[in-house]
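[1] build me a model from this:
(one chain, ligands or ions: 1)
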Amino acid sequence: MNTLNRCPECGSKQTRKVSVIYEEGTADTHQRGGFAGTTFERDGIHSLSGHYGGRGRVETKLAQRVAPPHLQSPGDFYIRVAILGSLACLLLMGICLFILDLMLPVLVLLVIMVGVAFWAFSQRETANRWHQERIYQPQLEQWRQSYYCLRCGHTFIP
Ligand SMILES: [Zn+2]
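    This is a model prediction of the structure:
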């Protein structure tokens with residue numbers, strides 16, 4: 001084992017890359033099965049049976065501790081803004097059309113709605129790309145270089 005990868009906390013050489021630990025500790029599963037059993041309780045004997053099935057990802061406790069960073073999409077905020085904006089526009093359009101009987105403001109609102117939608121989608125792209133490049137990628141790179149001490153649990157970059 002490489003002495004460069006000694007734990008700075010306790011000096012142990014028993015260290016491993018977190019990415020390797022994570023891969024070893026996770027498994028994608030697809031299982032199907034049944035169960036049946038009997039329980040004995042104060043008020044009598046009960047029998048239980050059932051079945052289960054599903055796909056999933058199993059992670060050991062250790063794998064959870066050394067999991068890679070999550071990719072988030074903060075740009076989705078703009079989509080929520082656009083949805084609220086569109087609802088407000090629709091409300092105003094309804095008022096103009098059915099109560100005030102005006103057509104021109106409805107057309108103007110329609111143009112605003114489309115504009116806001118385009119703006120929101122481009123803002124979302126920009127924000128998500130920024131997050132991925134400036135925050136997620138460096139975090140992932142750091143994670144790839146990290147080691148985990150099997151003796152004391154310290155995570156470090158050698
Ligand atoms: Zn250690």
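[2] next SSE downstream of the longest helix seen in the chain?
    The longest helix of the chain (DSSP state H) is helix 104-131. Downstream of helix 104-131, the first helix or strand assigned by DSSP states H and E is helix 137-145.
[3] what's that next one packed up against?
    The criterion is 3 or more CB pairs under 8 Å, 6 or more residues apart in numbering; DSSP states H and E, and the helices and strands that helix 137-145 contacts are helix 18-24. Just so you know, the C-beta spots here come from the backbone N, C-alpha and C atoms, and that holds for glycine as well.
[4] alpha carbons of the helix it packs on, as PDB, please.
    C-alpha atoms of helix 18-24 as PDB (Å, rounded to 0.1, in the frame of the first residue of the first chain):
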ATOM      1  CA  VAL A  18     -14.100   6.300  -1.500                       C
ATOM      2  CA  SER A  19     -15.200   5.700  -5.100                       C
ATOM      3  CA  VAL A  20     -14.100   2.000  -4.800                       C
ATOM      4  CA  ILE A  21     -15.800   1.700  -1.400                       C
ATOM      5  CA  TYR A  22     -19.000   3.200  -2.800                       C
ATOM      6  CA  GLU A  23     -19.000   0.800  -5.800                       C
ATOM      7  CA  GLU A  24     -18.400  -2.200  -3.700                       C
END
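[5] mind telling me what element residue 71 is part of?
    Going by DSSP H and E, residue 71 is not in any helix or strand.
[6] which residues does the closest residue to it other than its chain neighbours contact?
    Computed as CB to CB, 6 or more residues apart in numbering, the closest residue to residue 71 that is not its neighbour in sequence is residue 136, at 5.3 Å. Residue 136 is in contact with 69, 71-72, counting by CB atoms under 8 Å, 6 or more residues apart in numbering.
[7] nearest the geometric middle of the protein, what residue?
    Nearest to the mean C-alpha position of the chain, counting by CA atoms, centre = their mean, stands residue 70 at 5.5 Å.
[8] quick one: that residue from the ion, how far?
    Distance, residue 70 to the ion, by CB to the ion, to the nearest Å: 26 Å.
[9] relative to residue 156, which of the contacts of residue 136 is nearest.
    Within those, proximity to residue 156 (CB to CB) peaks at residue 69, which comes in at 16.6 Å.
[10] pLDDT at the closest one, what is it?
    We have a pLDDT of 93 for residue 69.
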